[in-house]
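Colleague: from the sequence below, what's the structure:
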Amino acid sequence: MGQSVSMEVQAIYQQLLDAWNNRQARGMADLFTEDGESIGFDGSQSKGKEEIYSHLKPIFDHHPTARFISKVKDVRFLSADIAILRAIAGMVPPQQTTINPKVNTHHTLVVVKKEEDWRIQLFQNTPAQFHGRPELVEQMTAELSQLVK
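Modeller: Sure thing, here's the model as predicted:
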């Protein structure tokens, strides 16, 4: 696949993070396919746009959420209409300027092209704690910290 198609896949991931950072539950949910699935940092699973929305809305309504800082590591195409994006991400808590390394994560996105638009089939947010290997947490945090504005 060409660079422009890879950029389209990266763009939907950025839209997902922008919606999170702007605390827009509907904006996040609408990026998914009708039967898309989200697996959160704590293992919570939500299936379908409405369940994803219903899961996210109270989080944004009742909790000050940290903003994501991320770096795409790989985009791989399984076909012309299916891609997997892998990224690393960190979170900057409200009113702070540095990443909290305790919530570093790996993001995995499976996206599908439907009617000329890319949509998320699966978003998985996996903690990156590297138990017993604190140097890996430090490396990831340092890599992401370069992106904090």
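
Colleague: longest strand anywhere in the chain?
Modeller: What stands out as the longest strand in the chain, according to DSSP state E, is strand 67-79.

Colleague: how about stretch 92-110: buried residues?
Modeller: Judged by neighbour count using 16 or more other C-beta atoms under 10 Å, the buried positions of stretch 92-110 are V92, I99, P101, V103, N104, T105, H107, T108, L109, V110. C-beta: built from backbone N, CA, C; applies to glycine.

Colleague: can you check stretch 3-20 too?
Modeller: S6, E8, V9, Q10, I12, Y13, Q15, L16, L17, A19, W20.

Colleague: okay, the residues you listed in JSON lines with distance to E116 and secondary structure next?
Modeller: Output for these, formatted as JSON lines (distance: C-beta to C-beta, whole Å; DSSP: H, G, I helix; E, B strand; the rest coil):
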{"residue": "S6", "distance to E116": "16", "secondary structure": "helix"}
{"residue": "E8", "distance to E116": "10", "secondary structure": "helix"}
{"residue": "V9", "distance to E116": "14", "secondary structure": "helix"}
{"residue": "Q10", "distance to E116": "17", "secondary structure": "helix"}
{"residue": "I12", "distance to E116": "13", "secondary structure": "helix"}
{"residue": "Y13", "distance to E116": "18", "secondary structure": "helix"}
{"residue": "Q15", "distance to E116": "16", "secondary structure": "helix"}
{"residue": "L16", "distance to E116": "19", "secondary structure": "helix"}
{"residue": "L17", "distance to E116": "23", "secondary structure": "helix"}
{"residue": "A19", "distance to E116": "21", "secondary structure": "helix"}
{"residue": "W20", "distance to E116": "25", "secondary structure": "helix"}
